[in-house]
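Trainee: Predicted coordinates and the sequence they were generated for:
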Amino acid sequence: MMLNSEQAEPLYIQLKKAVQSAIANGTFNPGDKIPTEIELSANYNVSRITVRKAIEELVSEGYLTKRQGKGTFVNAHKIGRKIEHIISFTAACRANGLSSHSAITERKKIKADQETAERLQIQQGEPVLYIQRKRYAGERPLMLENNYYPFERFSFLMEESLEGSVYELLRDRYQIDPNQPGETVLQITLADEQQAKLLEIPIGQPLFYMNTIIYDQHSQPVHVGKQYIIGDRYQFTL
């Protein structure tokens with residue numbers, strides 16, 4: 001791939017973006033050793049100074065790690081998100097330069113327990129729609145999402161594919177805007193056998209556990225969320 005020296009964008013930025021793209025599309029996977037400075041210089045027809053500057057920035061931003069005497073390696077990229085902001089998983093991945101998709105692992109009508117009923121402002125025992133999805137950032141699972149919706153209002157989700165952002169679907173097709181977070185608890189837990197199997201990680205790996213309630217533009221409850229997120233690939237900021 002040749003970079004374009006006639007563009008206003010500096011060559012080291014173009015090279016940096018090329019390496020980021022290679023990481024995002026799986027050409028370079030976490031743990032991979034990237035080509036040497038000499039090889040990158042030859043591959044992209046740029047000076048070694050240009051390569052060095054691009055690599056230094058990618059190291060400082062956490063994409064790469066240099067190991068003395070061994071080379072430069074791809075880090076497991078963390079998805080960043082501000083904890084107090086409502087942002088869908090899809091939007092968080094997009095903001096971090098990653099594609100996303102989802103796989104439904106459970107979708108069924110259940111009876112609300114006391115805690116869920118109180119938070120959704122319904123009676124205990126009333127039906128809720130439970131949807132569990134495995135959320136992927138790039139090609140790797142990152143989050144196990146467990147959402148509980150008031151069934152009477154959200155039964156239409158039984159018929160939707162839900163491969164992408166539910167929030168975007170609710171806004172675009174049903175004029176429901178999930179834009180208000182309620183009380184949210186964030187803590188660290190360890191993956192049990194089922195979570196480890198679904199997230200394709202070892203049992204006992206640290207996970208973020210987020211328990212939250214989301215309201216719409218009219219302050220009506222949209223869903224209770226109980227999410228398990230792989231800790232070493234995600235970070236929250238205040």
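Mentor: Okay, I see it.
Trainee: contacts, neighbours, all on C-alpha from now
Mentor: Will do.
Trainee: Which secondary structure element of the chain has the lowest mean pLDDT?
Mentor: Among the helices and strands of the chain, strand 79-82 carries the lowest confidence by mean pLDDT, DSSP states H and E, at a mean of 64.
Trainee: Which helix or strand lies directly C-terminal to that one?
Mentor: Next along the chain after strand 79-82, taking DSSP states H and E as the criterion, comes helix 89-95.
Trainee: Using CSV, write down the CA coordinates of that following helix.
Mentor: Extracted in CSV, the C-alpha atoms of helix 89-95 (Å, rounded to 0.1, in the frame of the first residue of the first chain):
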residue,chain,number,x,y,z
PHE,A,89,-22.4,-0.6,22.5
THR,A,90,-22.5,-0.1,18.7
ALA,A,91,-21.8,3.6,19.1
ALA,A,92,-18.9,3.0,21.5
CYS,A,93,-17.3,0.5,19.1
ARG,A,94,-17.8,2.9,16.2
ALA,A,95,-16.2,5.7,18.2
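Trainee: Tell me which other helices or strands that helix touches.
Mentor: Helix 89-95 is packed against strand 79-82, strand 100-111, with contacts defined by 3 or more C-alpha pairs under 8 Å, 6 or more residues apart in numbering; DSSP states H and E.
Trainee: C-terminal to the longest one, what's the next element?
Mentor: Beyond strand 100-111 in the direction of the C-terminus, DSSP H and E gives the next helix or strand as helix 114-120.
Trainee: hmm, back to that, any chance of CSV for the helices and strands packed on helix 89-95, columns distance to residue 55 and mean neighbour count?
Mentor: Shown next, in CSV, are the helices and strands packed on helix 89-95 (distance: least, C-alpha to C-alpha, whole Å; neighbours: other C-alpha atoms under 10 Å):
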stretch, distance to residue 55, mean neighbour count
strand 79-82, 20, 17
strand 100-111, 26, 16
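Trainee: Let me have these in a markdown table, adding distance to residue 49 as columns.
Mentor: Shown next, in a markdown table, are the helices and strands packed on helix 89-95 (distance: least, C-alpha to C-alpha, whole Å):
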| stretch | distance to residue 49 |
| --- | --- |
| strand 79-82 | 29 |
| strand 100-111 | 35 |
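Trainee: Just tell me which of these ends up closest to residue 90.
Mentor: strand 100-111 (5.9 Å; C-alpha to C-alpha).
Trainee: Could you list the paired strands of that closest one along with their orientation?
Mentor: Under the criterion DSSP bridges, strand 100-111 sits next to strand 127-137 (antiparallel) in its sheet.
Trainee: Which elements pack onto the helix or strand just after the strand it pairs with?
Mentor: Going down the chain from strand 127-137, the next helix or strand is strand 140-150, by DSSP H and E. Other helices and strands packing on strand 140-150, by 3+ C-alpha pairs under 8 Å, 6+ apart, are helix 114-120, strand 127-137, helix 193-199, strand 221-230.
Trainee: circling back to that earlier point, and the helices and strands packed on helix 89-95: which comes nearest residue 135?
Mentor: Closest approach to residue 135 among the helices and strands packed on helix 89-95 (C-alpha to C-alpha): strand 100-111, 4.6 Å.
Trainee: Can you give the contact residues for the closest one?
Mentor: With contacts defined as C-alpha atoms under 8 Å, 6 or more residues apart in numbering, strand 100-111 is touched by 90, 93-94, 124-139, 151, 158, 162-164.
Trainee: Check stretch 48-64 too.
Mentor: Contacts to stretch 48-64, defined as C-alpha under 8 Å, 6+ apart, come from residues 11-13, 15-16, 20, 37-38, 40-41, 65-66, 72-77.
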